[in-house]
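**Student:** Structure, please.
(one chain, ligands or ions: 1)
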Amino acid sequence: MKKILFLLVCGLFLSLNLAIAQGKGKKVGNQTVEIKTSAQCEMCEERISKALAGQKGVKSVKVNLDNQIASVTFNSNQITADQIRAGITKAGYDADDKKAEKEAYKKLPACCKKN
Ligand SMILES: [Cu+2]
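**Tutor:** Residues are numbered from 1 along each chain as shown. The predicted model follows:
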């Protein structure tokens, strides 16, 4: 009986370790994050793309103007999703719950400001 219990505990421990290892594995490498922005037009799209393309670790940026979602693929070893959001706010746009930096927002052309 004790032997069975011991094996059971061992098995549980092993699968737990495996799950943790897999979780860690997922964090490494390229990831895509979807960020809700306040982009209004193609100029906004370009501005956000340029701002993010200049950040180390950012692989690609796509801004969907229909829903204002920026899909950003990045290397999580080099940059975090929060750093990407910060890059968007620095360009003058909202990024999820983070508000655009006021100074950058003021510099945007009138057509790019929020209605
Ligand atoms: Cu615009």
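**Student:** Around the ion, pick out the residues from the protein.
**Tutor:** Counting by Cβ under 5 Å from the ion, the chain comes close to the ion at Gln40, Cys41, Met43, Cys44, Cys112. Where you see a C-beta, it was placed from the backbone N, CA and C, and this is true even at glycine.
**Student:** Pull the most distant pair out of those.
**Tutor:** Across the residues of the chain next to the ion, no pair lies farther apart than Gln40 and Met43, at 8.1 Å, counting by Cβ to Cβ.
**Student:** For the residue lying closest to Ile88 once chain neighbours are set aside, give me its contacts.
**Tutor:** In space, and not counting its chain neighbours, Ile88 is closest to Ala95: 3.8 Å by Cβ to Cβ, 6 or more residues apart in numbering. By Cβ atoms under 8 Å, 6 or more residues apart in numbering, the contact set of Ala95 is Ile35, Lys36, Thr37, Ala70, Ile84, Arg85, Ala86, Ile88, Thr89.
**Student:** same deal with Cys44?
**Tutor:** Cys44 makes contact with Thr37, Ser38, Val63, Leu65, Tyr93, Leu108, Cys112 under the criterion Cβ under 8 Å, 6+ apart.
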